[in-house]
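Chemist: Build me a structure from this.
(2 chains)
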2 protein chains.
Amino acid sequence: MQLVWMIPVAGIAAVLFAAWLAWDVLRRDTGTDAMREIADMIFEGAMAFLQRQYRTIAIMAALTAVAIFLIVGGVSEGVKAIVSTDEGIGFGDIVVARWEEATLTAIAFLVGALASGIAGFVGMYISVRANVRTAAAAQHSLKEAITVSLRGGAVSGFLVVALSLIGVSSIFAVYSRLLGNPAEIAPFLIVGFGFGASFVALFAQLGGGIYTKAADMGADLVGKIEAGIPEDDPRNAAVIADLVGDNVGDCAGRGADLFESMSAENIGAMILGVAIFAVTDDIEWIMFPLVLRSFGIFATMAGLLSVPWFASREPKDPMQPLNGGYFVVSLLSVAGLFICTKVMMGDAWHWFFLCGLVGIGTGIVFVYITQYYTSGSWRPVRDIAEASKTGPATNVVIGTAVGLETTAATAISIGLALVLSFWLGSNAEIAGLDSSFTTGVFGTAVATMGMLMSAAYILAMDTFGPITDNAGGITEMSGAPEGARHITDALDTVGNTTKALTKGYAVASAGLAAFLLFSAYLDKVKERLGLPLTEELPIDLANVDVFVGALLGVMLVFLFSSLAIRAVGRAAATIIEEVREQFRNDPGIMAGTSRPNYHRAVDITARAALREMVLPGILAVGTPVTVGLIFRFTRNTYYFGLEDSGGWLAVAGLLMVGTIGGIILATFFNNGGGAWDNAKKFIEAGNLTDETGAVLGKGSEPHAAAVVGDTVGDPFKDTAGPSLHVLVKLLSTITLVLAPLFIASP
Amino acid sequence: MQLVWMIPVAGIAAVLFAAWLAWDVLRRDTGTDAMREIADMIFEGAMAFLQRQYRTIAIMAALTAVAIFLIVGGVSEGVKAIVSTDEGIGFGDIVVARWEEATLTAIAFLVGALASGIAGFVGMYISVRANVRTAAAAQHSLKEAITVSLRGGAVSGFLVVALSLIGVSSIFAVYSRLLGNPAEIAPFLIVGFGFGASFVALFAQLGGGIYTKAADMGADLVGKIEAGIPEDDPRNAAVIADLVGDNVGDCAGRGADLFESMSAENIGAMILGVAIFAVTDDIEWIMFPLVLRSFGIFATMAGLLSVPWFASREPKDPMQPLNGGYFVVSLLSVAGLFICTKVMMGDAWHWFFLCGLVGIGTGIVFVYITQYYTSGSWRPVRDIAEASKTGPATNVVIGTAVGLETTAATAISIGLALVLSFWLGSNAEIAGLDSSFTTGVFGTAVATMGMLMSAAYILAMDTFGPITDNAGGITEMSGAPEGARHITDALDTVGNTTKALTKGYAVASAGLAAFLLFSAYLDKVKERLGLPLTEELPIDLANVDVFVGALLGVMLVFLFSSLAIRAVGRAAATIIEEVREQFRNDPGIMAGTSRPNYHRAVDITARAALREMVLPGILAVGTPVTVGLIFRFTRNTYYFGLEDSGGWLAVAGLLMVGTIGGIILATFFNNGGGAWDNAKKFIEAGNLTDETGAVLGKGSEPHAAAVVGDTVGDPFKDTAGPSLHVLVKLLSTITLVLAPLFIASP
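Modeler: Below you'll find the model as predicted:
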C-alpha cells in the first residue's frame, strides 16, 4: 500500500488550493460600476442556465439510474470472485448478488453524476466572478490580468481533478472496505460512477455547446449582418446571452468532459490492474492510477504558481508564460511518474515509466499540432485567409480541406503512442502472469494516466478562455479605455488558442484511453461468459456482426454531429426572432435610448438549448443499447466456441470503430473551426494584403468571407466536436455498465 | 458448365448493342451551325484532355506494372494448388512459380488498365457527340431529346459492362485453359486485372473530378461574381472548359469507377467460389458471377428499349420514363437471377436466390434514399433553402447537417443488406462443406452481383447527366429558342438527380462488396500462411496493430479528401488567373466583339488537373503499402499461433475500417453536395418565399447564399466523394495483389 496515502492528501490539497485561488480571485478589484452591472447580468444568466440545465439533467439521470437498477438487477448474474487457476486468471463464485450489484451500480451512477455537477457548478461560479476582475486588472497590467484569469480558470481545473480523485477513491473505499467486498472486484462495482460522469458530461457539453453557439450565431447574424452594429454592442439584446454562452460551453462543458475522462479512464485502468493484482497480490496495481493522479496535482500546483514568474519578464506573446507553466508541469510530472513507477511497480517498473513518458510526450505533441493548425503564424490559417479573397465559398472549401488534413497528425500521433506504449508494456515481465497482452494494455493505461497528470493545468488554461473572452466583452460594453481593450484583445486571442489546445488534449486522451476502455468492456464480457480474464477474445472485423456494428458506429458519430449542428441552427433561429422582435417593438433600442431586455434573450436561449440537447443525447445513449438488443435477439452467431454472441459482438464493433470515427471527426470539427476563427482574426489584424500590397482588413470583402467561414466553424468547433469527445467516452461507459444486457443467458 | 455459354454471347451482344446505339445517335440531326461550332470545341477539348490524361496514366501504370512484377516475383512463393483434406480446404504444392505469377499478375494489371481506358475513351467519344444531337432534338420534342441523350449514355454503360465481362472472362480463360493452370487457381492469378482497373479508375476519377470542378468553380467565380455575367455566357473563356469538365468527370470518371467495381467484385466473388468448387467440383461456383452479369446485360437492353414507350405517354416529370425503364430492368433481373441460381447452384439455390433479391432490393432502396435527400420536393433540400434566408453561413451549416444526416440511411441499408445476405447464404448447405462462414460470405457476393445486374442502366442514366448538361449549355450559347431551353432545363434537372443516384449506387455497391473483397484478401493471406481456406482468421480489433491500422484507415480517407478538395481549389485559381488575364488583355471580350481563347483555358485546366491528381493518387496507393511495410518490419506480434503478423494485420484493419470510413464520408460529400445544388435550383425555380409570400428567386440575397453553398458542395460531390468510392476499392485490390509483401517470410 505504498504511496496510497498520497490520494487523500492530494485530494484535500487540491480542494484547499482551489479554495485559496477562489479567495484570491474574489478579493480583487471588481472595476467600475458599469463593469459590475454587466458582470452581474452575465452571472445571473449563467447561474439561471445552469440551474435550469442541472434540473433537466437531474430528472434524466434519476430515470436512468432506475433503468440501470432494473437492467443490471434483471440481466446480470451478480459479480464473481476473481480466482487464479491453472488456466489463467478467471472468475469464481458470485460474491455480490445481482440486486446488490444493481443497487451499488445505480448509486455509483448517481454519485458520479452529482460529483460532475458540483465540479461544473462551482467552477463556473468562480469563472463568472473572475471575468470582471480580469477586466479590472486589464486596466493596470497584462501580468495582473493573466494572473487573475488563469487563477480563476484554475479553480475549475483543480476542483474537477479533486472531485474525480476523491469521488473515485471514496466510492472504491466504501464499496470494498466498508461493505467488505474483495478489493479486486470493487472496480467492477464502481463502473456506474464513470457512466454517471459521462452521462452528465454529455448533456452539459451538448446543452452548453448548443447554448454558446446559438447565442453567438444569433447575436452575430442579427447584430452584425441585419442591424449593422458591431460585436458586443449593448444595443443587441443577445449580447449578454453570447457572453453567458462562453462560460456554459467552454467552462462547464469542458470541465464535465475532463471530469468524465479522468473518472472513466481511472476506473478502466483499475479494472485492467485487477488481472495483475490477482497474480501479484499487490494492491498497488489497482491503486496506481489514483496515486499517479495525486502526483499530477502537485506538479500542476507548482506549474500554476510559476506562471506569474514567467509573466513578470514582460513577454511579447501572452502565450509564453502559459507555455512556461506547462513545461514546469510536464517536468515535475516526469519526476512524479518516476517515483510512482519505481516505488509501486516492482521489477518491471522501467517499462511502465517509459509508457508514462509516451503519454506525457503525446500531450506535448498535441499542444504543438493544435498550435500549428489553428494559429495565424502558419500555413493552414494563411491559406484560408488567402482563399477568402475569392469569396466565402473558397474560404469554406479551403477551411474544410484544412480541417480534414489535421486528422493526419492526430491519427498518426495517437497510433504511434498506442503502439509504443503497448509494446513497452508488453515487455514488462510480471512473475505469475504469462499474458503480455495484459501488460501491453496496462501500458496504454499508464500512458493515458501519464498524459492526464497535467489535466488540471490544461483545464485551467481552457477556462482562462471564457474568462478573458468575457473580460473583453465587459471592457467593450463598459466603454473602458483603449489600453485595457488592447490587453483584453491580446488575452482573447490567447484564450482562443488555449481553448483549441484543450480540445486537442481531450481528443488525444480519448484516443489513448480507447484501448483500455475496450479492454475493460471485454473483461466484463469475459466475466459474463465465464472465460478467463487473460484469454484473448477476438473482435473479428471479418465477422459480419462486428463489421455492421462498426459501420453503425461510424454512422452514429456522423448522425450525432448532424443533430448537434442542426440544434444550434434551430436554437439560433429562436434567438434571432426574439432580438428582431425587440428591435421592432422598441425603436429606442436601436437609437440607444432604451435598454434591450437581456434577461428575456438569455432565458429564451437557455430554454431552446435545453430543448435541443435532448434528441442528440437520446441518440447517443440509445444507439448502443438498441444495436446490442437487436443483434442479441435476432442473431445467433456461433463465434469462437460461443453460442449466441450477436449482441455484445456488434456492440464491441460499434464501440471500437465508433471511437475511431469520433476521434477523427472531432479533430476535423475542432481544428477546422479553430482555423476558420483564426483566419478571420488574421485578416482583422491586418495581415492580409492584395497584389498591390494594400491591407485587406476589417470591413473588406475578404473579411466578410472570413466571417462566413468563422460562423460555419462555430457549431463545428464548439458544439459538435467537443460533444463527440464525450460521446465516445459515453459509449465506453454505457457498454461497460450494460454489457450483460447484450449477452444471451447461458 | 451450364449457362457458361451465356458469357461470350452476352459480351458480344452488348458490344453490338452499343455499336447500334452509337450508330443511332451519330446519324441524327446535329442542329444549327452555331450549335455544331460549340459542340466541336467541347469535343476537341474533351479529347485533348483524355489524351493527355491517359498518357500520364499510362506512364504511371507502366511503372506500377514493373513494381508489381518485381514485388510479386520477389516476395511471393508462387501460387499453390487448392486441395481438399480432412482438416478442410487448404493449399498444396506450388503450381505456378513465383516469377510466372509475377509476369501473369503484371500482364493482368496492364490488361485491366487498358480495358478501363478503352471503355472510358469510347464512351466519352459518343457522349461528346450526343450532346449536340440532344440539343438539336430538344428543338423538336422532349421524348426525342430523352431518347438521344439516354442512348448516348447507354453506349458508355454497355461498353463498360461488356469490356469488364469480356476482359475478366477472357483473361480467366487464357490463364486457366490456354496456360493449362487449374481453373480454381486462375482467380488468384487475375487479381491484377482488378488492380489495373482500379488504378486507372482512381486517376480517371481524380483527374476528371478535379478538372470538372476546377473549371466549374473557376468559371463561376470569375464570371458570375467578378464580371457579373450569367452562367454559360460565351464571353467567359472558361465556359467551354466547364462543359468539357462535365464529360470528363461524370462520364469518363464514373465509367472507370463502375468498370472497376464490376471487375474487382467479379474477381473477388470468383475467389470466394474457389472454396466451394474445391468440395463440389462444380465450376459453376466460380463462373456464376460472370453468368449473372450476362443476364443483367439482356435485362438492361430490354429496360433501355422500354424508355421511349414510357416517354411517349407525355409524362410531366422526365424522371418518370427513366424510373419506368429501371423497374423493367429490375423485374427482368429477378427473372434472370431465378434462372441462374436454379440452374447453377444445386439444392441450396433458393438461399442464394434470396441473397440476390436482397442485392436488387438494395439498389432500389438507394435510388429512393438519394431522391429523398437530394431532390427539391422533400424536407432536406427545403431546409437548406430556408436557411439561405439568413445568409451563406447558415446555408452551409444546415447543408453540412443534412449531409451528415444522410449517412444514417446509407449505413443502415448497407448493414441490413450485409447481415441479411450473409445469414441467407450461411443457411445454404453444400455437401462436403462444413463452413457456414464460406457460404455466408458467398451470399454477400451474390447480393453484390444481383445489385450490379443493373449497372449498365445506371451508367446510362449517369452519362445522361453530362449529355443533357452539355445540351443545355449548347442551347444557351447558340441562342436557341425558348422552347428548346425549357426542354434542356428540364432534362438538366433530371440529369442532376441521375448523377446523384449513380453515386449512391456506387457507394452501396462498395459497401456490399466490402465483405467479399476482405474475404478474398484473407484467403490470399491464408495461402501465404499455409492455413486452410475454410479456417477463420480473426482480424481482432482489440489487437493494437489492427486498431492502429483502423485508425490510419479512417485518417486516410479524410486526408485523401483534403488533398482532393484542395487540388480543386488550386486548379481553379489557375483558371481564374487565365480568364482574368484574357479579360484584361482584350477588352473586346467583355464587349462581345471578340471571342475569348477557349482553347487556352481548356488546356490550362487540363494541365492543372493532371498535375493536381498526382499527390492524392500517390497517397492512396502509397498508404496501404507504407503501413504494411512499417508494421511488418517493426513489429513482431504473436497472433493466434502465428509469428510476425504485424504487416498483414495492420493492413487488414486499415482496409476494413478505411472502407467503412470511406463509404460514410463519401455519402456525406455526395448527398450534401447534391442537396446544396438542388437547394439553389429550388430557389431559382421560385419556390422560396418570405413571410409576406413574395418570391425570393434568382438574384435575391438567399439565392446568393445558396450559390455559396452550391459552390462549396461542388468539390465535395464531384471530386472528393466519387474519388472516395474508387479509393476504397483500390485499397481492396492493391492489398489483394500485394498481400505477400506484408507477411514475413516463413
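
Chemist: ok, the residue nearest the centre of chain A - contacts?
Modeler: Nearest to the mean C-alpha position of chain A, by CA atoms, centre = their mean, lies residue A:257 at 3.1 Å. The neighbours of residue A:257, taking CB atoms under 8 Å, 6 or more residues apart in numbering or on different chains as the test, are A:201, A:204-205, A:506, A:722, A:725-726. All C-beta atoms are positioned from the backbone trio N, CA, C, and that covers glycine.

Chemist: nearest residue to the closest residue to chain B within the stretch 201-350 of chain A other than its sequence neighbours?
Modeler: Nearest residue of the stretch 201-350 of chain A to chain B, counting by CB to the nearest CB: residue A:221, 5.5 Å away. Of all residues not flanking residue A:221 in the chain, residue B:390 sits nearest, at 5.5 Å (CB to CB, 6 or more residues apart in numbering or on different chains).

Chemist: where's the residue nearest to the centre of chain A, which helix or strand?
Modeler: helix A:254-280 (DSSP states H and E).

Chemist: Check which element follows that helix along the chain.
Modeler: Counting by DSSP H and E, the element after helix A:254-280 in chain order, helix or strand, is helix A:284-311.

Chemist: quick one on the thing from earlier: out of the contacts of residue A:257, which is most surrounded?
Modeler: Neighbour count (other CB atoms under 10 Å in any protein chain shown) singles out residue A:201 as the most crowded of those, with 34 neighbours.

Chemist: Residue A:6 versus that one, what's the distance?
Modeler: Distance check for residue A:201 against residue A:6: by CB to CB, to the nearest Å, it reads 26 Å.

Chemist: Kindly report the same for residue A:364.
Modeler: 24 Å.

Chemist: okay, those two: which has more neighbours?
Modeler: Taking neighbours as other CB under 10 Å, residue A:364 and residue A:6 compare with residue A:6 leading, 22 against 14.

Chemist: Hmm, residue A:293 and the more buried one touching each other?
Modeler: No: contact criterion CB atoms under 8 Å: residue A:6 and residue A:293 do not qualify, at 9.2 Å.

Chemist: pLDDT below threshold where in chain A?
Modeler: Applying pLDDT under 70 to chain A picks out residues A:1, A:314-315, A:636-645, A:745-746.

Chemist: all strands for it, in order.
Modeler: With DSSP state E as the criterion, chain A has strands at A:79-85, A:88-96.

Chemist: Any idea which of these gets closest to chain B?
Modeler: strand A:88-96 (16.2 Å).

Chemist: Chain neighbours aside, what residue packs nearest to residue A:504?
Modeler: For residue A:504, ignoring the flanking residues on the chain, the nearest one in space by CB to CB, 6+ apart is residue A:370 at 3.9 Å.

Chemist: Could I get the contacting residues of that neighbour?
Modeler: A:497, A:500-501, A:503-504, A:671, A:674.

Chemist: what does the stretch 451-600 of chain A have sitting close to chain B?
Modeler: Contact residues (CB under 8 Å from any CB of the partner chain) of the stretch 451-600 of chain A with chain B: A:511, A:514-515, A:518-519, A:522, A:536-548, A:550-552, A:554-555, A:558-559, A:561-563, A:565-566, A:568-569, A:572-573, A:576.

Chemist: Reformat the contacts of residue A:370 as JSON lines; add neighbour count.
Modeler: Output for these, formatted as JSON lines (neighbours: other CB atoms under 10 Å in any protein chain shown):
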{"residue": "A:497", "neighbour count": "23"}
{"residue": "A:500", "neighbour count": "27"}
{"residue": "A:501", "neighbour count": "27"}
{"residue": "A:503", "neighbour count": "29"}
{"residue": "A:504", "neighbour count": "29"}
{"residue": "A:671", "neighbour count": "33"}
{"residue": "A:674", "neighbour count": "32"}
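
Chemist: which of those residues lies closest to residue B:404?
Modeler: Of all these, residue B:404 sits closest to residue A:671, with 17.3 Å by CB to CB.

Chemist: my read: that closest one touches residue A:406, true?
Modeler: Yes: with contact defined as CB under 8 Å, residue A:671 counts as touching residue A:406 (3.9 Å).

Chemist: which neighbours do the two share?
Modeler: Jointly contacting residue A:671 and residue A:406 under the rule CB under 8 Å, 6+ apart are residue A:373.

Chemist: Distance from the chain centre to stretch A:444-456, please.
Modeler: 14 Å (CA atoms, centre = their mean, to the nearest Å).

Chemist: and what of stretch A:487-506?
Modeler: That offset, for stretch A:487-506, works out to 15 Å (CA atoms, centre = their mean).

Chemist: One more: stretch A:145-165?
Modeler: 15 Å.

Chemist: And stretch A:457-470, what's buried?
Modeler: Within stretch A:457-470, the residues that qualify as buried are A:457-470, counting by 16 or more other CB atoms under 10 Å in any protein chain shown.

Chemist: who touches residue A:128 in this structure?
Modeler: Residue A:128 is in contact with A:39, A:42-43, A:46-47, A:247, A:470, counting by CB under 8 Å, 6+ apart.

Chemist: Sort out which one of those lies nearest residue A:195 for me.
Modeler: Distances from residue A:195 to those, taken as CB to CB, are shortest for residue A:247 (26.2 Å).

Chemist: need the contact list for that closest one.
Modeler: Residues in contact with residue A:247, defined by CB under 8 Å, 6+ apart, are A:42, A:46, A:124, A:127-128, A:131, A:466, A:470.

Chemist: Go again with 10 Å.
Modeler: A:42-43, A:45-47, A:49-50, A:123-125, A:127-128, A:131, A:208, A:211-212, A:253, A:463, A:465-467, A:469-470 (CB atoms under 10 Å, 6 or more residues apart in numbering or on different chains).

Chemist: so how far is residue A:42 from it?
Modeler: Relative to residue A:42, and taking CB to CB, residue A:247 is found at 7 Å.

Chemist: and for these two, which residues touch both?
Modeler: Listed as contacting both residue A:247 and residue A:42 by CB under 10 Å, 6+ apart are A:127-128, A:131, A:470.

Chemist: Closest to chain B out of the residues you listed?
Modeler: Looking across the shared contacts of residue A:247 and residue A:42 and measuring by CB to the nearest CB, the closest to chain B is residue A:470, at 23.7 Å.

Chemist: just checking, the closest one touches residue A:149?
Modeler: Yes: the pair formed by residue A:470 and residue A:149 meets the contact definition of CB atoms under 10 Å, at 9.3 Å.

Chemist: okay, and the common contacts of those two?
Modeler: Residues touching both residue A:470 and residue A:149 (CB under 10 Å, 6+ apart): A:127, A:130-131, A:134-135, A:488, A:495.

Chemist: Which of these fall in helices?
Modeler: Among those, the members found in helices (DSSP state H) are A:127, A:130-131, A:134-135, A:488, A:495.

Chemist: With neighbour count added, can I get those in a markdown table?
Modeler: Below are those laid out as a markdown table (neighbours: other CB under 10 Å):
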| residue | neighbour count |
| --- | --- |
| A:127 | 31 |
| A:130 | 34 |
| A:131 | 31 |
| A:134 | 32 |
| A:135 | 36 |
| A:488 | 28 |
| A:495 | 29 |
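
Chemist: ok, those vs chain B, which is closest?
Modeler: Proximity of those to chain B (CB to the nearest CB) peaks at residue A:495, which lies at 22.4 Å.

Chemist: Thanks a lot, see you next time.
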